[in-house]
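> Have a look; sequence and predicted model below, questions after that.
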Amino acid sequence: MIPGPATADRISAVVFFALGAAMLVGGYTMDRLEIRQIHPASIPGLVPMILGAALMICAVLLFLGARRSPGEVAPAATGSIRAMATAALLSVLYAVGLVGRVPFEVATALYVTVFMAVFSWPAGTGVMGKAKAVAIAAGFGVVVSFAVSTLFRVGFLVRLP
């Protein structure tokens, strides 16, 4: 039996909370670099600790927001499996086919644009509605690509492929 959306959200929230707690504890227990006279705020586990805490907060919000509506029934499994397979395929194509072959910014913009267009495609609308959806997806793709590449280059001092 497939759980309904509210039950699935609650189960996911528990799993995400456990993952966030593991990240928080793992980041806290990482070796410190004070022996090398490095500032304590630059501990290697700081980012996992912050991400773990954020994931725990999001998990609590997801758990609290999961409300069962009257007469709720389980969704059809095929749509979820199809969406998961589509997301996995797009992600693999991005990682294997685009990254390293084209500039990172272009690869990321294409990935975000196609991903968003596929999952927000307006059914039953005219050409203008579909053109608007593609334009919005392309706008998000460009903005996200710029933000991600800037964050990694400037914030994390990482050279991108």
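Good, I have the coordinates.
> what is the mean pLDDT for stretch 112-120?
Stretch 112-120 shows a mean pLDDT of 93.
> so what secondary structure elements neighbour the helix or strand of the chain with the lowest mean pLDDT?
Lowest mean confidence among the helices and strands of the chain (mean pLDDT, DSSP states H and E): helix 77-92, at a mean of 83. Under the contact definition 3 or more CB pairs under 8 Å, 6 or more residues apart in numbering; DSSP states H and E, helix 77-92 sits against helix 104-119. Where C-beta positions appear, they are placed from N, C-alpha and C, glycine not excepted.
> Quick one: residues in contact with the helix or strand just after the helix it packs on.
Next along the chain after helix 104-119, taking DSSP states H and E as the criterion, comes helix 127-150. Contact with helix 127-150 is made by 104-106, 108-114, 116-117, 120-122, 125, 160, as judged by CB atoms under 8 Å, 6 or more residues apart in numbering.
> Whichever of those residues end up buried, select them in ChimeraX.
Burial among these is assessed by 16 or more other CB atoms under 10 Å; the matching ChimeraX selection reads:
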select :104,108,109,110,111,112,113,114,116,117
